[in-house]
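K.L.:
Sharing a sequence plus its predicted fold:
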Amino acid sequence: MSEDQDETEGDITASGTSSYDNEFYVAVMADDRERVSFISKKHGCNVVIRAHTILPLHLAASFKKVASLKSLLSSGADPELRDQRGYNALHTLISCWGGTFTNLQKPHSVPRAELCLRILCEHRADANAKVEDRSEQTALHMAVRYTALPAVSLLAAYGADLNAEDTNGMTPLHVASVMLKKDFITSLIGLGADVNMALRVSGNTSLHLVTMATAIQGAKNREAHIGCLAKLLDNGAEADAMNKNDRTPLHEACSMGEEELADALLSHGANVNKMTRAKESCLFLFLNHAANLRETSLLAKLLCLTSPLTICNKDGLLPASLTMPCFSQQRERLLDLTHCVSTLKDICKRHIYLSHCGKRQEACKRFLPARLYDFVFHYWENPHCISFVADDKVRPSGGLSIMPTTN
């Protein structure tokens, strides 16, 4: 039992609360520095205010009471004491960054929060202390979760580890990537976070996480989410990094039928012909999911860019959708196509596109004739008019009927 607890032991009332509880609570909330100092000296400042089940320092941090915070720290309040959630004072401040759970955010709340963070760190609050719960997140992880953007650079200035891992091996940049928070991705990268650090279990990098999170989010805020992808790629993220399923971000994008994501990755040099350990290409992974077969534009692009064109993995297995009886004709057409020799035109188109799409594409626009430029970068012919999509009004000449209907 601490000295502070001994001193207040005799002040417990019949209701079970200390006689100083309300007085201490009111003084902290009033931001009355002198009163807080007086009560701290009389009763101690590291004892829970029982009526509210909170430490005085945590109360001051929650409501950004600057004067109370300074007074408590000067009186010996320990910023590393934990509450029932396993939070220290710094974690508590971050979790209430824009306002407490019981009040609305106020215009002055964030600047005061920044000042409180500086005060805590200058009084030896550990910027790398982890929450004592199953997550084991640091204040920097929490800053991302609770959208406390100014806290990121402040914590880094006070020695926070930008690549600290939580229980799941996630760094703050991983958290920002999963949550698709571009401002945080930008800030963390600018401060030196490792863009290619992989999760211990899955092997996913931030680029994998952004790719999958964007696909899951669908059309909502798509432009901003693609911006997260570009930000990582522009700052050294490895486009062809493989996770523990032997998949690159482009493999994941194609597997989910995401043409925009695939285009963004290709424009930054992702290798469309990189294979998994099972020798499954981007085209194989695309065809492995029947739901993707409506994405005719991406299918045409993958058929044109894949070289050598194969649709089987190393065990000779076909993508799952091609084993469906309703797609037997398409399967035979695709198998025939794998035995065809590419024309010189197709080889040149593929080479120019893969070498110059993205940042070099603008240069091509200046020296290539307009028709040739459009052919290389904007025209994707579907070889043999292979189609999986039913269309009662228009079917390509020689095309096949297609996406099965269900009763």
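P.N.:
Nice, I can see it.
K.L.:
Low-confidence stretches in this structure?
P.N.:
Along the chain, segments meeting pLDDT under 70 span 1-20, 99-110, 383-384, 389-407.
K.L.:
Domain boundaries for it, per the record?
P.N.:
Here the chain is described, according to automatic domain parsing, as comprising the domains 1-161, 165-271, 286-407.
K.L.:
I'd like those as CSV, with mean neighbour count and distance to residue 277 appended.
P.N.:
Any C-beta I mention is one placed from the backbone N, CA and C, and that applies to glycine too. Listed next are those as CSV, based on neighbours: other CB atoms under 10 Å; distance: least, CB to CB, whole Å:
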stretch, mean neighbour count, distance to residue 277
domain 1-161, 18, 32
domain 165-271, 20, 4
domain 286-407, 15, 8
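K.L.:
Including distance to residue 278, could those domains go into a markdown table?
P.N.:
Below are the domains of the chain laid out as a markdown table (distance: least, CB to CB, whole Å):
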| stretch | distance to residue 278 |
| --- | --- |
| domain 1-161 | 34 |
| domain 165-271 | 7 |
| domain 286-407 | 5 |
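K.L.:
Looking at those domains, which is nearest to residue 279?
P.N.:
domain 286-407 (3.7 Å; CB to CB).
K.L.:
Pull the distance from that closest one to the chain's centre.
P.N.:
Centroid separation for domain 286-407 versus its chain: 31 Å, with CA atoms, centre = their mean, to the nearest Å.
K.L.:
now swap in stretch 38-57 and tell me
P.N.:
Relative to its chain's centre, stretch 38-57 lies at 39 Å (CA atoms, centre = their mean).
K.L.:
Now do the end-to-end distance for it.
P.N.:
With CA to CA, to the nearest Å as the measure, stretch 38-57 spans 15 Å from end to end.
K.L.:
same thing with stretch 168-183?
P.N.:
In stretch 168-183, first residue to last residue: 23 Å (CA to CA).
K.L.:
Equivalent analysis for stretch 291-307, please.
P.N.:
Taking CA to CA, stretch 291-307 runs 24 Å from one end to the other.
K.L.:
and what of stretch 163-177?
P.N.:
End-to-end distance for stretch 163-177: 13 Å, by CA to CA.
K.L.:
Contacts only, for the residue most central in space within the chain.
P.N.:
The centre of the chain sits closest to residue 177, judged by CA atoms, centre = their mean, with a distance of 1.6 Å. Residue 177 makes contact with 185, 206-207, 209-210, 213, 228, 232, according to CB atoms under 8 Å, 6 or more residues apart in numbering.
K.L.:
In contact with the closest residue to residue 266 other than its chain neighbours, which residues are there?
P.N.:
Spatial nearest neighbour of residue 266, chain neighbours left out: residue 357 (5.7 Å); criterion: CB to CB, 6 or more residues apart in numbering. Going by CB under 8 Å, 6+ apart, residue 357 touches 266-267, 377.
K.L.:
how much space between residue 357 and residue 388?
P.N.:
Here the criterion is CB to CB, to the nearest Å. By it, residue 357 lies 25 Å from residue 388.
K.L.:
so how far is the strand or helix carrying residue 214 off the chain centroid?
P.N.:
Using DSSP states H and E, residue 214 sits in helix 206-217. In terms of CA atoms, centre = their mean, the centre of helix 206-217 is set 7 Å apart from its chain centre.
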